[in-house]
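3D model of this:
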Amino acid sequence: MEERQIKTNYLLYKGWQEMDADDQELIQHARLALEKAYAPYSDFFVGAAARLSNGAIVCGANQENAAYPMCLCAERVALGNATMQYPQAQMQAMAITIKNPKRVLNQPAAPCGSCRQALCETESRQQSPVRLLLMGMEGPVIELESAASILPLGFHGGYF
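All right, here's what the predicted structure looks like:
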């Protein structure tokens, strides 16, 4: 037997104000997307904004359903919007932010497992990483160089 490690490196900013103008703009779009979220059951609002290689920014917001497995995550809504609107463009970065009107959420939230897998599929398809920016309502921002860094043993097309 051999023991191995999986490590993830990331950058931690004290706040979005420390970031460059392009990243601040992307975060602002994700925050605006929060207003289009539909979360009557959990009060957990998620907004996502993706910057594409053609300069476009596309957004997504979570859409809950009383039948919980039918819920749509903000990240996958943004991925779908990007593919439908700009099928030739590559996704360069995605900002993800969260809000709960009943309490302050100032810690970054990471994508769920399904969204991690969908983001990794995007990276595989376009053969380039998608940089992730994760934040709460305020406070620290985590920057990851690739979605694969938070799903190191993901399922991939090489199995077929």
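
quick one: secondary structure of residue 32?
helix (DSSP: H, G, I helix; E, B strand; the rest coil).

Quick check: pLDDT value at residue 141.
Note on residue 141: pLDDT of 98.

Could you do residue 160 as well?
Residue 160 is assigned a pLDDT of 80 by the prediction.

which residue ranges form the helices in this structure?
21-33, 74-85, 113-126 (DSSP state H).

what would those look like in CSV with mean pLDDT?
Output for the helices of the chain, formatted as CSV (pLDDT from 0 to 100):
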stretch, mean pLDDT
helix 21-33, 98
helix 74-85, 98
helix 113-126, 97
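
Out of those, the one nearest residue 52 is which?
Closest approach to residue 52 among those (C-beta to C-beta): helix 74-85, 6.1 Å. For the C-beta atoms, the positions are set from N, CA and C on the backbone; glycine is no exception.

ok, and for the closest one, which residues are buried?
For helix 74-85, a neighbour-count test (16 or more other C-beta atoms under 10 Å) marks 74-79, 81-82 as buried.

picking up where we left off before, quick one: the helices of the chain as TSV, columns for distance to residue 142 too.
As requested, the helices of the chain are exported to TSV (distance: least, C-beta to C-beta, whole Å):
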stretch	distance to residue 142
helix 21-33	12
helix 74-85	15
helix 113-126	14
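
Out of those, which is closest to residue 48?
It's helix 74-85; of the helices of the chain, that one is closest to residue 48 (C-beta to C-beta) at 4.0 Å.

how far out from the middle of the chain is the closest one?
Centroid separation for helix 74-85 versus its chain: 11 Å, with C-alpha atoms, centre = their mean, to the nearest Å.

State the number of residues packed around residue 130.
Using other C-beta atoms under 10 Å, residue 130 has 23 neighbouring residues.

That one and residue 124 touch, don't they?
No: taking contacts as C-beta atoms under 8 Å, residue 130 lies outside contact range of residue 124: 10.5 Å.
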